[in-house]
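Chemist: sharing a sequence plus its predicted fold:
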Amino acid sequence: MGPLIPNDIISFEWSSIIAIIIGIFFGFILEASGFSSSRKLAGVFYGYDFAVLKVFFTAAIVSLIGLLYMDYLGYVDMSRLYVHPTYLWGAIIGGAIMGIGFVAGGFCPGTSLSAVAIGKIDAMVNVVGIMVGVFIFSELYPLFEPIYNGYFQGNITLVDSLGVNPFWFVFLLTIVAIIMFFATDLIRKRVKKVFY
Amino acid sequence: MKTKKQNKHIYWNPYFGGFLLGILIIFTFFITGRGLGASGAMKSSVVTIVDAAAPKHAEKNSYYSKFVEDGESPMNNWLVFETLGVLIGAFISGSLSGRIGWRVQHSPKITRRRRLIFAFSGGILFGIGAQIARGCTSGAALSGMAVLSTGGFITMLSIFGTAYLFAYFFRKNWI
């Protein structure tokens, strides 16, 4: 049955309207979870607020379990879903640069947008910075091209690259996440409170 | 009388927010076959600006030219519409909780100017990194993880791992 648009159950013309509606929910959830505050986001790196980690991993696990169930029950064909491609060194180096950008700027693009919407000037500056970053990358594209296009392994999943059973993997990931949630609560009790 | 100090803003319980975000990701994949994204719209904006300011240059550059098609605006893109929605949704949430207002949020230990400089340079790094990894925390890490993408997991580990490694150097900005 699903995905509905690629399978022509919903016609392609609807996709822009659906995009706006999905975006509204996305923005609402980000803002209501406190992701429009850079000081709350940065808390995850200093141990005074672990909201980022809790929201992020809860979302990842809920979506993984949900999609696996829907695939199992035949509501969605997982092999028809878009799998983010794996360019090994692009993912590592790009991720590392984003990590430094995250702890320096206190935002990532989605959270930054949700903060722009409520008038945070630091977030607007951050968005301009991201656009300048995209511009720099594009202008120096020949320089970045080897890692951008190299080490391509296809649109692979962990099932292909580690040979794991997806159901067991998600089960173990869930247990790891629950342990992490308890551990972060213990850490937070020991760290000096920060008020923002 | 001593009052208990607490944060001014009350946000959702993180597990509740995460649960709803997970449901939204399932719904997005179910309808569109793809996940969420955020940095894509900023890329489209840059491509549009460069294409309008210097069309010859955009055509010659092998990165911009991937996203410029004849008679088709790069802004007519799923992620751009989704991003408009993000702005609307966050504005609604902020209005309901009285969080709307022009301000620069920073630690009392640093100046407003320092906060803005770091917000800007952090943004530049994020912009470059998100192009190299073909997606940001939403598009690569979160949406990738939802379908068990190897690249998504690697990007997620790399973002958080590096941020923890470098957190020490930026501690003055936050704590």
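Modeler: Arrived safely.

Chemist: CA atoms of stretch B:149-158 as PDB?
Modeler: Provided in PDB are the C-alpha atoms of stretch B:149-158 (Å, rounded to 0.1, in the frame of the first residue of the first chain):
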ATOM      1  CA  SER B 149      20.600   3.600   6.700                       C
ATOM      2  CA  THR B 150      24.300   2.900   7.400                       C
ATOM      3  CA  GLY B 151      25.200   6.500   6.300                       C
ATOM      4  CA  GLY B 152      22.600   7.900   8.600                       C
ATOM      5  CA  PHE B 153      24.000   6.100  11.600                       C
ATOM      6  CA  ILE B 154      27.500   7.100  10.800                       C
ATOM      7  CA  THR B 155      26.600  10.700  10.300                       C
ATOM      8  CA  MET B 156      24.700  10.700  13.700                       C
ATOM      9  CA  LEU B 157      27.600   9.100  15.500                       C
ATOM     10  CA  SER B 158      30.000  11.600  13.900                       C
END
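
Chemist: of all the residues in it, which ones are buried?
Modeler: B:149-156, B:158 (16 or more other C-beta atoms under 10 Å in any protein chain shown). In short, each C-beta sits where N, CA and C put it, glycine included.

Chemist: ditto for stretch B:85-98
Modeler: Buried, per 16+ other C-beta under 10 Å, within stretch B:85-98: B:85-94.

Chemist: now do that stretch, average pLDDT.
Modeler: The average of the pLDDT scores along stretch B:85-98 is 96.

Chemist: check the gap between B:Gly85 and B:Leu36 for me.
Modeler: Counting by C-beta to C-beta, to the nearest Å, the gap from B:Gly85 to B:Leu36 is 10 Å.

Chemist: can I get the buried residues of stretch B:85-98 in CSV with secondary structure and distance to chain A?
Modeler: Below are the buried residues of stretch B:85-98 laid out as CSV (DSSP: H, G, I helix; E, B strand; the rest coil; distance: C-beta to the nearest C-beta, whole Å):
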residue, secondary structure, distance to chain A
B:Gly85, helix, 2
B:Val86, helix, 4
B:Leu87, helix, 5
B:Ile88, helix, 5
B:Gly89, helix, 3
B:Ala90, helix, 4
B:Phe91, helix, 4
B:Ile92, helix, 6
B:Ser93, helix, 4
B:Gly94, helix, 3
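
Chemist: for the residues you listed, which two are the farthest from each other?
Modeler: The span of the buried residues of stretch B:85-98, defined through C-beta to C-beta, is set by B:Gly85 and B:Gly94 at 14.6 Å.
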